[in-house]
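> got a structure for you, letters missing:
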């Protein structure tokens, strides 16, 4: 290497004249006064060859006198072909920016700028290569080189195709790249606040934000001086902090929907083989798939095995019996299936060779089982990842592979199952998932491409390229490594998730279903998430408003044995991967509404920081046998900071939560309305039938609800026994399931009481209420019961204890009756007897109640208005900008 400027008589004519494709080199200088000579000499060689127009050298306040002496000597030698700028030290980014601006000003016809560090050198012939790239690749906005190192030996290739998805994971472009003028004219510059490294990564992402894209030069344009310690190695020490900075600044890229979009476009996550045919669905989002042939899937997999840094294959292979996808889709569980299938692989303590899936009908709700053992039955589905495929194909002979579908399986397997209500059975004569897997694995083991797996295809190492198998992991980084829900955005739709601990179709579930119906009619794509392994009860209408129905089937999410806050325990759920996976499940949402999920509280703030609008919805403050309040509203007080808005089912609960510390501006009452849809015509028909009923007919009394202590089951027993003695002509009915062990119950009901059990479905509920005159609720505590509102809509006269927000539904003496808790049993009996005698009073109260019926469209209107205002604000971007400004001030 030279240690001073080489003397030559004149610059070539081509260099002096410049041209329409001229290129300049910018060298920022701080230190390296001796090595600088090598760098400038390499540029001199290209100037002399006529391929480089000009050198801009920026002395960034270097303290070595030798640096100034060297620059002066080179300036004398190169004349107009070199420009030297001297300035106070402002950092590498500032020096590069000054050089870029000077280069653009010096040469109006300049086409590109190459950035060269002072301790590196241009590769021989680099100038000619750069001009060729500029002239033949007009679509590329910058060209990044392969690496040949000196000092410490090494040779790396870079990604042959610039993939923004991988650029979000690592900086795949060296700062020493050739950059077109149009990038700089768009205002792209280096961030002068970044003085600890990764400023070049930031530069490329800034260029990509406005639509510019790079391209591999596919060869070295410089020789990179590699030493054990450097500015780059120091920046790696600050990697976590610098990455956080980049993620804050470039939240246009570092968000789940964007990364999922990039993944789905070029690196689909799943390959789905369903039934016996020659087609495969490749997809990330199961709602947006494309078809390839089995032969093409074979080629992709073998190419990935041979050269994973150049070739992609889907990370997971899914083999399904014919009809599985259709049934899951019909029940809105298809997305949940794929998310759970991936999560099981990611979280398996011991990696299986494959994961078995079973799908069956259910007679009592949708059910999920995390462990279905190893049954003597062919699986309806099999899931396997690429690593397991490789191990099977390369590690076992054909005789072993032919045994894949033998029962019970001799392989290392796991299993899980779903059972769906009202599902038609699968055709067990069709090929099972195991049979389909066996067939394809044998196809791979016999592949004509297999010989290529032992071949080396590139002499340089893969150090500057990214394994295509990493594609599935990159979207996970936004949620701390959590498995990401495979849902792509739809134009014009905002995604909103309701998160519940269970969906057993009680009051909370009815409210959620009703709100979802209204929100879906107003442009939201609604999703249901149950965070537990409890059954999901679909009913005839409850799930219709949801685009997807999902389980996060963690039993510990509802065990309520965790830390207490104000007398209310949290679930014990919440290790790092559970939290990360719940964030991954929800990170594509625009809005998340928490309906009593204690697990969600633990990640709500993380989601909010990612720009997701977080809303908490509180329904019921419970009361212990000792009169102490507890329940979800107490936990909401602990996590209030994590939510943008807190909804309550009643004004009374809103006032309570404000009194316990939640700001008034964060509270909104979405007052309950009837819990299932009923048309105005159907409601009128019920009232017409009621008007025609014989006024002398026996009075019909109903209790509708759970038979548990909260609902006053002991009071109910006393009331019914008293009525049976005092007014035996009155009809007594109970509709509801028992949560008390009847064998140990210390109460009973009159023998002639009609015990209907749970009544589900709008038609059955309406018929029941149409056949009822009086409904009683002797509860110990309530929120604002939907059963009261449903009964009133059908003209049923409601008698209830003075608890919760009952007075927001019942105007005493006008639309029903509210009775004091003290001695309420006698009050109920006396009031019912009075109504039995005074049918005119019964009719008047009935008609008043029916006229006061509420409507969910009016109830949800304030929330819709709030969401619309928030959508109009740059909420997420603004919040990210503020966080970024704070973070930058600490850099």
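Perfect, I can see it now. It should be emphasised that the depicted structure is a prediction, and the values quoted were computed from it without experimental measurement.
> where's residue 298 relative to residue 448, distance?
As defined by C-beta to C-beta, to the nearest Å, residue 298 lies at a distance of 9 Å from residue 448. For glycine as for every other residue, the C-beta is placed from the backbone atoms N, C-alpha and C.
> the more surrounded of those two?
Using other C-beta atoms under 10 Å as the criterion, residue 298 and residue 448 rank with residue 298 on top: 19 against 9.
> So the more buried one belongs to a helix, correct?
Yes: using DSSP: H, G, I helix; E, B strand; the rest coil, the assignment for residue 298 is a helix.
> how much space is there between it and residue 442?
Taking C-beta to C-beta as the measure, residue 298 and residue 442 are separated by 11 Å.
> same deal with residue 747?
65 Å.
> what does residue 401 give?
As for residue 401, its distance to residue 442 is 6 Å (criterion: C-beta to C-beta).
> Out of these two, name the residue with the larger neighbour count.
Ranked by neighbour count (other C-beta under 10 Å), residue 401 and residue 442 place residue 401 first, with 18 against 15.
> from memory the more buried one sits against residue 445, does it?
Yes: applying C-beta atoms under 8 Å as the test, residue 401 and residue 445 come out as touching, 6.0 Å apart.
> Now for the two: what residues contact both?
Shared contacts of residue 401 and residue 445, defined by C-beta atoms under 8 Å, 6 or more residues apart in numbering, are found at residue 393.
> Spatially central residue in this structure, please.
The geometric centre of the chain, computed from its C-alpha atoms, lies nearest to residue 587 (C-alpha atoms, centre = their mean), at 2.6 Å.
> Okay, buried residues for the host helix or strand of residue 690 please.
Secondary structure assigned from DSSP states H and E places residue 690 in helix 680-692. Buried residues in helix 680-692, counting neighbours by 16 or more other C-beta atoms under 10 Å, are found at 683, 686, 687, 690.
> Please state the offset of that helix from the chain centre?
In terms of C-alpha atoms, centre = their mean, to the nearest Å, the centre of helix 680-692 is set 46 Å apart from its chain centre.
> Quick check: end-to-end length of stretch 319-327?
The separation between the terminal residues of stretch 319-327, taken as C-alpha to C-alpha, to the nearest Å, is 15 Å.
> Name the residues that touch that stretch?
The list of residues contacting stretch 319-327 from outside it, by C-beta under 8 Å, 6+ apart, reads 272-276, 286, 334, 359, 380-384, 420, 423-424, 426-427, 430-434, 436-437, 440.
> Residue 137 reaches residue 215, doesn't it?
Yes: the criterion here is C-beta under 8 Å, and residue 137 meets it with residue 215 at 6.0 Å.
> more neighbours, these two?
residue 215 (20 against 13).
> and the more buried one, what are its phi and psi?
Per-residue torsions, residue 215: phi -150, psi 140 (degrees, to the nearest 10).
> got the contact list for it?
Contact criterion C-beta under 8 Å, 6+ apart gives 133, 137, 139, 140, 142, 143, 144, 161, 162 as the residues in contact with residue 215.
> The fourth one - how many residues pack around it?
For residue 140, the tally of surrounding residues (other C-beta under 10 Å) stands at 19.
> Find the nearest non-adjacent residue to it, please.
Counting by C-beta to C-beta, 6 or more residues apart in numbering, residue 140 lies nearest to residue 215, which is 3.6 Å off, once chain neighbours are set aside.
> ok, what's across the strand from that neighbour?
According to DSSP bridges, the residues that bridge with residue 215 are residue 143.
> now swap in residue 121 and tell me
When bridges are called by DSSP bridges, residue 121 pairs up with residue 223.
> pretty sure it is in contact with residue 176, am I right?
No: using C-beta under 8 Å, residue 121 and residue 176 do not qualify as a contacting pair, with a distance of 10.1 Å.
> shared neighbours of the two, which are they?
With contacts defined as C-beta under 8 Å, 6+ apart, the residues adjacent to both residue 121 and residue 176 are residue 222.
> end to end, how far does stretch 307-325 reach?
Its first and final residues considered, stretch 307-325 spans 32 Å by C-alpha to C-alpha.
> mean confidence score for it?
Stretch 307-325 shows a mean pLDDT of 96 in the predicted model.
> for stretch 407-421, same thing?
Taken as a whole, stretch 407-421 has a mean pLDDT of 94.
> go on, stretch 610-628?
Mean predicted confidence for stretch 610-628 is 91.
> And it, how far out from the chain middle?
On C-alpha atoms, centre = their mean, the centre of stretch 610-628 falls 24 Å from the chain's centre.
> How about stretch 423-435?
31 Å.
> can you list contacts of that stretch?
Under the criterion C-beta under 8 Å, 6+ apart, residues 275-276, 319-324, 327, 330-331, 356-357, 359-362, 378-382, 404-405, 409 lie in contact with stretch 423-435.
> Out of those residues, which end up buried?
Among these, those buried by neighbour count (16+ other C-beta under 10 Å) are 275, 319-324, 327, 331, 356-357, 359, 378-382, 404-405, 409.
> Which helix or strand contains residue 51?
For residue 51, no secondary-structure element claims it when assigned by DSSP H and E, so it is in no helix or strand.
> check contacts around the nearest residue to it once chain neighbours are set aside.
Spatial nearest neighbour of residue 51, chain neighbours left out: residue 127 (2.7 Å); criterion: C-beta to C-beta, 6+ apart. Applying C-beta under 8 Å, 6+ apart to residue 127 gives the contacts 23, 46, 47, 49, 50, 51, 52.
> what's the first-to-last distance across stretch 499-509?
The distance separating the two terminal residues of stretch 499-509, taken as C-alpha to C-alpha, comes to 10 Å.
> got the contact list for that stretch?
Judged by C-beta under 8 Å, 6+ apart, the contacts made with stretch 499-509 from elsewhere in the structure are 365, 512, 528-532, 534-537, 539, 542, 557-558, 586, 592-600, 619-620, 672, 675, 706, 760, 783, 785-787.
> So which of these are in strands?
When DSSP state E defines the strands, the subset of the contacts of stretch 499-509 inside them is 528, 529, 530, 592, 593, 594.
> which one of those residues has the most neighbours?
Using other C-beta under 10 Å as the contact criterion, the top neighbour count among the ones in strands among the contacts of stretch 499-509 goes to residue 594, which has 30 neighbours.
> so that one bridges to which residues?
residue 499, residue 616.
> can you pull the pLDDT of it?
According to the prediction, residue 594 has pLDDT 98.
> State the phi and psi torsions of the closest residue to residue 777 other than its chain neighbours.
Across the structure, with C-beta to C-beta, 6+ apart as the measure, the residue nearest residue 777 apart from its sequence neighbours is residue 800 (4.1 Å). Summarising the backbone geometry of residue 800 under the convention degrees, to the nearest 10, its torsions are phi -140, psi 160.
> quick thing: my sequence starts at 3, can you match it?
Fine by me, first position is 3 from now on; the one you just mentioned is residue 802.
> Distance check, residue 802 against residue 565.
Residue 802 is 35 Å from residue 565, where distance means C-beta to C-beta.
> Following the chain onward from the lowest-mean-pLDDT helix or strand in the chain, which element is next?
Counting by mean pLDDT, DSSP states H and E, the chain has its least confident helix or strand at helix 15-19, which shows a mean of 40. Of the helices and strands lying after helix 15-19 in sequence (DSSP H and E), the nearest is strand 24-31.
> which helices and strands sit right next to that following strand?
When contacts are defined as 3 or more C-beta pairs under 8 Å, 6 or more residues apart in numbering; DSSP states H and E, strand 24-31 sits against helix 35-50, strand 56-62, helix 94-108, strand 112-117, helix 128-138.
> taking the mean pLDDT, what do you get for it?
Per-residue pLDDT values over strand 24-31 give a mean of 97.
> May I have the strands that pair with that strand, each with its orientation?
As defined by DSSP bridges, the strand partners of strand 24-31 come to strand 56-62 (parallel), strand 112-117 (parallel).
> how far does it sit from the chain's center?
Relative to the mean C-alpha coordinate of its chain, strand 24-31 is positioned 44 Å out (C-alpha atoms, centre = their mean).
> next one: stretch 53-65
Between the mean C-alpha location of stretch 53-65 and the chain-wide mean there is a distance of 47 Å, by C-alpha atoms, centre = their mean.
> That stretch: which residues count as buried?
Within stretch 53-65, the residues scored as buried using 16+ other C-beta under 10 Å are 53, 54, 55, 56, 57, 58, 59, 60, 61, 62, 63, 64.
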